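K.L.:
Need coordinates for the following:
(one chain, ligands or ions: 2)
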Amino acid sequence: MKKAFFVFAAAFCIVIFGCKKDVCEPQTIYSLGTICVVNLYEDGTYENYSEIINLLKDIDNKFSVNKEDSEISKVNQSAGSGNAVNVSKEVYEVVEQSLEFARLTQNSFNPAMGTLIKMWGIGTDHQRIPGKEEIAEALEHCNPRVIILTEIPGFDESENLYLIEITDSKTQLDLGAIVKGYATDKIVEILKAKNVRKAIVNLGGNIYVYGQKSKFNPDENWNVGIKNPVNPDGEVIETVSLKSGSVVTSGNYERYFEENGKRYHHILDCKTGYPAESGLASVSVIYDKSIVCDALATACYVSGVNGDFNPYEIGFDGIKIVFIDFNGKPVIK
Ligand code: ADP
Ligand code: MG
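P.N.:
Numbering: from 1, shown residues only. Ligands and ions are numbered 1, 2, ... in the order given. Okay, here's the model as predicted:
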């Protein structure tokens, strides 16, 4: 009986994952609006990959603004109604962190720009340049202060209530600029719990290299290439060498459209209402927490090299940032 089950399980593994023996091929799935690739090397078991794939699906179901019944969509649908929405602890904590990133970056990263982001629709089939008045009106509704978080303690922690209310009917949450970083950190938690020895996680360019790269040489680093934003399909512009950690890039070449010779990309500046123009083509952030990399890559892209906040002085010791200009050259800060 046991043997029969094993044969069945192995066959299932091959069909779903293309596994050889008990180690599967690296997995590619479409989630969080992007292509996600995970390689667990020798520890790439069916069980380990399944856990990661289920995690990604769960995060997408909770955070997507494109799914009507996600928790974030429910909060958005209740904006201005006077009612707070009961959310999971997880969603509550990520929104809380997003508000903290907004504070630290003087709103260069701003999770309350959903209305403006939808209006531009960059990367969708209804992308367009909105009128000046429309933009001015949407900018009135990008203030993160209207997002109110309340935690109500229960008899024990499992009974706590987590509530989010948007007090302005025209303000909408959009966590697109941190959710991949958040998901990456959650995958790393699984890698630790499962004693995975080494892995590469790549959620649409949001990279984490994990564990000892070489079995034989504990000092050998991982090398992560940074694309040339001016020629993303060409040779990498710089290589980041690291023991373990995350590398996240925000750039003007990822999602955009062009009209009358001008490029309109998907990272918006809530001070102007237009795609950020800070003189940069991309920003890469290197740190051991991917959510920090993701938030700060977006924020530094918006704010520029000498912008409204100093990314080296907001409490993330050891952070590295690579700013690239429109000539495809690194700018030293
Ligand atoms: P990507 O997700 O393409 O890697 P980002 O992490 O920079 O790039 O996130 C961009 C996405 O975040 C946009 O598609 C939009 O949903 C949202 N967004 C755009 N501008 C901002 C901003 N200034 N602050 C926070 N979120 C933003
Ligand atoms: Mg980001």
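
K.L.:
Assign a three-state SS to whatever residue of the stretch 1-150 of the chain ends up closest to ligand 2, would you?
P.N.:
Proximity to ligand 2, evaluated over the stretch 1-150 of the chain using Cβ to the ion, is greatest for residue 109 at 7.5 Å. Placement of C-beta: from N, CA and C, glycine included. Using DSSP: H, G, I helix; E, B strand; the rest coil, the structure places residue 109 in coil.

K.L.:
For residue 131, see how far away it is.
P.N.:
26 Å (Cβ to Cβ, to the nearest Å).

K.L.:
Check residue 150 too.
P.N.:
Distance from residue 150 to residue 131, by Cβ to Cβ: 37 Å.

K.L.:
Also residue 147?
P.N.:
When residue 147 is compared with residue 131 (using Cβ to Cβ), they lie 27 Å apart.

K.L.:
Comparing these two, which residue is more hemmed in?
P.N.:
residue 147 (23 against 10; other Cβ atoms under 10 Å).

K.L.:
The more buried one and residue 111 touch, don't they?
P.N.:
Yes - proximity of residue 147 to residue 111 meets the contact threshold set by Cβ atoms under 8 Å, at 7.5 Å.

K.L.:
got any residues that touch both of these two?
P.N.:
Overlap of the contact sets of residue 147 and residue 111 (by Cβ atoms under 8 Å, 6 or more residues apart in numbering) consists of 95, 99, 173.

K.L.:
Which positions in the protein make contact with ligand 2?
P.N.:
Applying Cβ under 5 Å from the ion, we find that the chain lies next to ligand 2 at 177, 294, 297-298.

K.L.:
Mind picking the two most distant members of those residues?
P.N.:
Using Cβ to Cβ, those span at most 8.3 Å, a distance reached by 177 and 297.

K.L.:
Identify the contacts common to those two.
P.N.:
residue 250.

K.L.:
quick one, which of these two is more surrounded?
P.N.:
Using other Cβ under 10 Å, the more surrounded residue of residue 177 and residue 297 is residue 297, with 31 against 25.

K.L.:
how about the CA coordinates for the helix or strand where the more buried one lies, as PDB?
P.N.:
With elements taken from DSSP states H and E, the one containing residue 297 is helix 290-303. What follows is helix 290-303, C-alpha atoms only, in PDB (Å, rounded to 0.1, in the frame of the first residue of the first chain):
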ATOM      1  CA  SER A 290      13.100  42.500   0.400                       C
ATOM      2  CA  ILE A 291      10.100  44.600   1.500                       C
ATOM      3  CA  VAL A 292      12.600  47.400   2.400                       C
ATOM      4  CA  CYS A 293      14.300  47.000  -1.000                       C
ATOM      5  CA  ASP A 294      11.000  47.100  -2.800                       C
ATOM      6  CA  ALA A 295       9.600  50.200  -1.000                       C
ATOM      7  CA  LEU A 296      12.900  52.100  -1.200                       C
ATOM      8  CA  ALA A 297      13.600  51.300  -4.800                       C
ATOM      9  CA  THR A 298      10.200  52.900  -5.700                       C
ATOM     10  CA  ALA A 299      10.700  55.800  -3.300                       C
ATOM     11  CA  CYS A 300      14.300  56.500  -4.400                       C
ATOM     12  CA  TYR A 301      13.200  56.300  -8.000                       C
ATOM     13  CA  VAL A 302      10.600  59.000  -7.300                       C
ATOM     14  CA  SER A 303      12.700  61.200  -5.200                       C
END
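
K.L.:
I'd like the next helix or strand past that helix.
P.N.:
strand 320-325.

K.L.:
In JSON lines: the shared contacts of residue 147 and residue 111, plus pLDDT, distance to residue 156 and neighbour count.
P.N.:
Compiled in JSON lines, these are given as follows (pLDDT from 0 to 100; distance: Cβ to Cβ, whole Å; neighbours: other Cβ atoms under 10 Å):
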{"residue": "95", "pLDDT": "99", "distance to residue 156": "23", "neighbour count": "24"}
{"residue": "99", "pLDDT": "98", "distance to residue 156": "26", "neighbour count": "17"}
{"residue": "173", "pLDDT": "98", "distance to residue 156": "29", "neighbour count": "24"}
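
K.L.:
Just the ones of those residues in strands?
P.N.:
Among the shared contacts of residue 147 and residue 111, DSSP state E puts none in strands.

K.L.:
Would you enumerate the residues in contact with residue 289?
P.N.:
So residue 289 contacts 181, 185, 246, 316 (Cβ under 8 Å, 6+ apart).

K.L.:
contacting residues around stretch 193-203?
P.N.:
By Cβ under 8 Å, 6+ apart, stretch 193-203 touches 31-32, 34, 36-43, 48, 51, 56, 180, 183-184, 187-188, 190-191, 207-213, 222.

K.L.:
Is ligand 1 within reach of that stretch?
P.N.:
No - contact of stretch 193-203 with ligand 1 is not found when judged by Cβ under 6 Å from any ligand atom; the minimum separation is 8.8 Å.
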